[in-house]
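Engineer: this is a predicted model, with the sequence first.
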Amino acid sequence: MRFQLWLFILLIGIAKAAPPPATPDRIWTILPIGDSITQGGATFSNWRLELCEKLSSAGWSVKYTGTQKSPSRIGNLAHEGHGGKNAEFLAKRLTETAAKIPADIALIHAGHNHFAEEKPVPGIIAAHQSIIASLRAANPKVMIFVAKVIPSGKLPKYSYIPELNNAIGRMAEKLNTAESPVRVVDQTAGFDPETDTIADRVHPNKQGASKMATRWFEAISKSLPPPNAPR
């Protein structure tokens, strides 16, 4: 009897001393949404891989999602970038696909592929609102990062971009909620079309893509809990 009591006490002590089981890292799912600047291409650079590396180096486990895939030096990376398409196209597509690719984090960089003569800003903002609604229908707690899009040296075609970016800021403020925050990421900050794009003065070169990755990283890292925190 004494032996059994001693054994019981010993086991209790071991149980108290044993460390708690390791908590698996949370994997944050990221959905990049946009046009060719999000998709990437053979003749210009893209920010998605560098952003992934920055987040991973900081301690977060992340993976991209989307219906599209593009190659990188670490393999194919998923996304929802569609070259040559505008925000209205993206809005229609997300109404059809968002439920299949729910994400913890959505990154929206949309607004090119219009002409200033179209006066496209109201339509682009409506498309953003539709995209956000689709994302929230798929995941009511999605964190949404919407970009003030990079400036372009291709003028007058893209002369509407400053007006668009101001409107994006106002829209984000209205749509922001505690459950599903909408954060503005100012991709115009420090971005110079003269030095940060390829010859077309629209698509980012390596330096421009790196600046974009940094802006996304700064915004996301301020919004996520510390790396490896319990779910």
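Structural biologist: Thanks, I have the structure now. Numbers count the residues shown, from 1 in each chain.

Engineer: tell me the bridge partners for the residue most central in space within the chain.
Structural biologist: The centroid of the chain falls nearest to L107 when counting by C-alpha atoms, centre = their mean (2.7 Å). Applying DSSP bridges to L107 gives these bridge partners: P32, F145.

Engineer: that one and R201, how far apart?
Structural biologist: 23 Å (C-beta to C-beta, to the nearest Å). (Glycine included, C-beta is placed from N, CA and C.)

Engineer: contacting residues for the residue nearest to the centre of the chain?
Structural biologist: L107 makes contact with 30-34, 38, 145, 147, 185, 216 under the criterion C-beta atoms under 8 Å, 6 or more residues apart in numbering.

Engineer: ditto for L90
Structural biologist: 33-35, 80, 82, 110, 127, 131.

Engineer: before we move on, what about P102?
Structural biologist: Counting by C-beta under 8 Å, 6+ apart, P102 makes contact with 29, 65, 138-139, 142.

Engineer: circling back to that earlier point, closest to P226 out of the contacts of L107?
Structural biologist: Nearest to P226 among these: I30, at 17.7 Å, using C-beta to C-beta.

Engineer: where do the helices of the chain begin and end?
Structural biologist: 2-17, 36-39, 48-57, 87-97, 121-138, 161-175, 193-196, 206-223 (DSSP state H).

Engineer: thinking again about what came up before, of the contacts of L107, closest to K100?
Structural biologist: Distances from K100 to the contacts of L107, taken as C-beta to C-beta, are shortest for L31 (10.9 Å).

Engineer: and R73, which of the helices of the chain is closest to it?
Structural biologist: Here helix 48-57 is closest among the helices of the chain (C-beta to C-beta), at 7.2 Å.

Engineer: other SSEs contacting the closest one?
Structural biologist: Helix 48-57 is packed against strand 61-64, strand 77-81, helix 206-223, with contacts defined by 3 or more C-beta pairs under 8 Å, 6 or more residues apart in numbering; DSSP states H and E.

Engineer: quick revisit: now the contacts of L107: which count as buried?
Structural biologist: Taking 16 or more other C-beta atoms under 10 Å as the criterion, what is buried in the contacts of L107 is 30-34, 38, 145, 147, 185, 216.

Engineer: adding distance to T195 and pLDDT, write those residues out as TSV.
Structural biologist: As requested, these are exported to TSV (distance: C-beta to C-beta, whole Å; pLDDT from 0 to 100):
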residue	distance to T195	pLDDT
I30	28	98
L31	30	98
P32	24	98
I33	26	98
G34	22	98
T38	21	97
F145	25	98
A147	19	98
V185	20	98
W216	20	98
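
Engineer: now tabulate these in TSV and tack on distance to G75.
Structural biologist: Shown next, in TSV, are those (distance: C-beta to C-beta, whole Å):
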residue	distance to G75
I30	16
L31	18
P32	16
I33	21
G34	21
T38	18
F145	24
A147	25
V185	26
W216	20
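
Engineer: and which of those is nearest to E118?
Structural biologist: Nearest to E118 among the buried ones among the contacts of L107: G34, at 18.8 Å, using C-beta to C-beta.

Engineer: grab the nearest non-local neighbour of that closest one.
Structural biologist: Nearest non-adjacent residue to G34, counting by C-beta to C-beta, 6 or more residues apart in numbering: H109, 4.1 Å away.
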